[in-house]
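Undergrad: This is a predicted model, with the sequence first.
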Amino acid sequence: MNLAGKTVVITGAARGLGAAMAKRLAIAGSQLALVDMDRDALMSTAEECERAGSREVRTYKVNVAREAEVESLFDSVSADFGALHGLVNNAGITRDAFTVKFKDGEQVSKMTLDQWQAVIDVNLTGVFLCGREAAAKMINLKCQGCIINISSISRFGNMGQANYSAAKAGVEAMAVVWAKELARYGIRAASIAPGFIGTEMVMAIKPEARGKLTANIPAQRIGEPDEIAQTVQFIFENDYISGRCIDVDGGLRL
Ligand SMILES: NC(=O)c1ccc[n+]([C@@H]2O[C@H](COP(=O)([O-])OP(=O)(O)OC[C@H]3O[C@@H](n4cnc5c(N)ncnc54)[C@H](O)[C@@H]3O)[C@@H](O)[C@H]2O)c1
């Protein structure tokens, strides 16, 4: 798919990886529908995209975990642009905790149902809702396109992340399902599994812990947000990629 003039929705576009994707697709000439809950930060991403040359950028304040908001988001995108060719399911959160934690034979904590549910709601249900609505609009609008789910290296199972790991494995599987279900409409689906990338989420880790983490990465550095954005562009542009997950992690294995 040639990205010039194509309409792409990016969730979680206010900062981090989503903002880097938005800027890269703006340079490629896409029309952008940027989605986030943080309106102010979203506006500044939109301004950067305009400066980078995007033909049209619109912002939508939406919680991707709420069905009614997601349905009305895709109605608005369809009305505003008259087309939909791409979706990047990027919005995500962490609520890390050990499933159970014991000290000196005593249980000191456990992952709460709130911690579990918050991550499942945004990182798994949010991806399902946006993917479902995007696919329906693409088919109705007779637009061939591509859906990309942002998974994670944690999909293999990372300590302290039962909620996040389960959701990230789930979104990879969902991309495989969509690749099979939607191929008949000319819609592809794929996922990307980043390792540790230098966004607020990762830079919030204490420098000492970050140093240890970097030492385990064969590339000996944390990734750049644009290296994930580059992979998004590659998947959109290569029409023979579908149903696969691309790992972008500097060679790290958990
Ligand atoms: N940074 C990394 O190293 C890394 C590694 C692997 C996977 N990921 C994944 O990449 C994605 C982006 O990560 P990031 O590091 O840029 O995170 P970030 O925290 O910097 O940005 C996430 C954005 O999503 C938005 N968001 C959160 N909940 C939302 C909701 N319910 N509805 C709409 N928007 C919502 C936030 O407001 C924020 O702007 C996430 O799915 C994350 O799990 C990141």
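TA: Ah, there it is. Since we're looking at a predicted model, the values are computed, not measured.
Undergrad: quick one: the helices in the chain?
TA: For the chain, helices defined by DSSP state H occupy the ranges 16-27, 39-52, 67-81, 113-119, 126-140, 162-182, 200-203, 207-215, 225-237.
Undergrad: Check the offset of the last one from the chain's centre.
TA: Its chain's average C-alpha position is 12 Å from that of helix 225-237, according to Cα atoms, centre = their mean, to the nearest Å.
Undergrad: Name all residues that make contact with Met21.
TA: 10, 13, 88, 90, 228-229, 232 (Cβ atoms under 8 Å, 6 or more residues apart in numbering). Just so you know, the C-beta spots here come from the backbone N, C-alpha and C atoms, and that holds for glycine as well.
Undergrad: from these, which two are the most distant?
TA: Distance extremes for these: the farthest pair is Ala13 and Ile228 at 13.0 Å, using Cβ to Cβ.
Undergrad: Which one of those two is surrounded by more residues?
TA: With neighbours defined as other Cβ atoms under 10 Å, Ala13 and Ile228 compare such that Ala13 has more, 32 against 26.
Undergrad: count of neighbours near the residue lying closest to the more buried one once chain neighbours are set aside?
TA: Of all residues not flanking Ala13 in the chain, Leu34 sits nearest, at 3.9 Å (Cβ to Cβ, 6 or more residues apart in numbering). Using other Cβ under 10 Å, Leu34 has 26 other residues around it.
Undergrad: need the residues of this structure near the ligand, please.
TA: Selection of the chain residues close to the ligand by Cβ under 6 Å from any ligand atom yields 11-12, 14-18, 36-38, 62-65, 90-93, 122, 126, 150, 152, 194, 196-197, 199-202.
Undergrad: Buried ones among the residues you listed?
TA: When burial is judged by neighbour count using 16 or more other Cβ atoms under 10 Å, the buried members of these are 11-12, 14-18, 36-37, 62-65, 90-93, 122, 126, 150, 152, 194, 196-197, 199, 202.
Undergrad: Give me the subset of those residues lying in strands.
TA: 11, 36, 150, 194 (DSSP state E).
Undergrad: and which of the residues you listed is nearest to Met159?
TA: Using Cβ to Cβ, those come closest to Met159 at Pro194, 18.1 Å.
Undergrad: Quick check: bridge partners of the closest one?
TA: On the basis of DSSP bridges, Pro194 takes part in beta bridges with Val248.
Undergrad: before we move on, the earlier item: please produce TSV containing the helices of the chain, extended by mean pLDDT.
TA: As requested, those are arranged in TSV below (pLDDT from 0 to 100):
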stretch	mean pLDDT
helix 16-27	98
helix 39-52	97
helix 67-81	98
helix 113-119	98
helix 126-140	99
helix 162-182	99
helix 200-203	82
helix 207-215	91
helix 225-237	98
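Undergrad: Just say which of the ones you listed is most tucked in.
TA: helix 16-27 (a mean of 25; mean count of other Cβ atoms under 10 Å).
Undergrad: on that earlier part again, rebuild the helices of the chain as TSV, extending it with distance to Asp249.
TA: Below are the helices of the chain laid out as TSV (distance: least, Cβ to Cβ, whole Å):
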stretch	distance to Asp249
helix 16-27	13
helix 39-52	25
helix 67-81	29
helix 113-119	20
helix 126-140	20
helix 162-182	13
helix 200-203	12
helix 207-215	12
helix 225-237	10
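Undergrad: Check what pLDDT the residue lying closest to Cys146 once chain neighbours are set aside gets.
TA: Leaving aside its sequence neighbours, Cys146 sits nearest to Arg188 (Cβ to Cβ, 6+ apart; 4.4 Å). At Arg188 the predicted local confidence, pLDDT, stands at 99.
Undergrad: now do the one 10 residues further on
TA: We note a pLDDT of 95 for Gly198 in this prediction.
Undergrad: Contacts only, for it.
TA: 222-225.
Undergrad: Please narrow the residues you listed to those residing in strands.
TA: Per DSSP E, those never map to strands.
Undergrad: Using PyMOL, define a selection of the buried residues within those.
TA: The PyMOL selection below is limited to those of those classed as buried (16+ other Cβ under 10 Å):
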select buried, resi 222+223+225
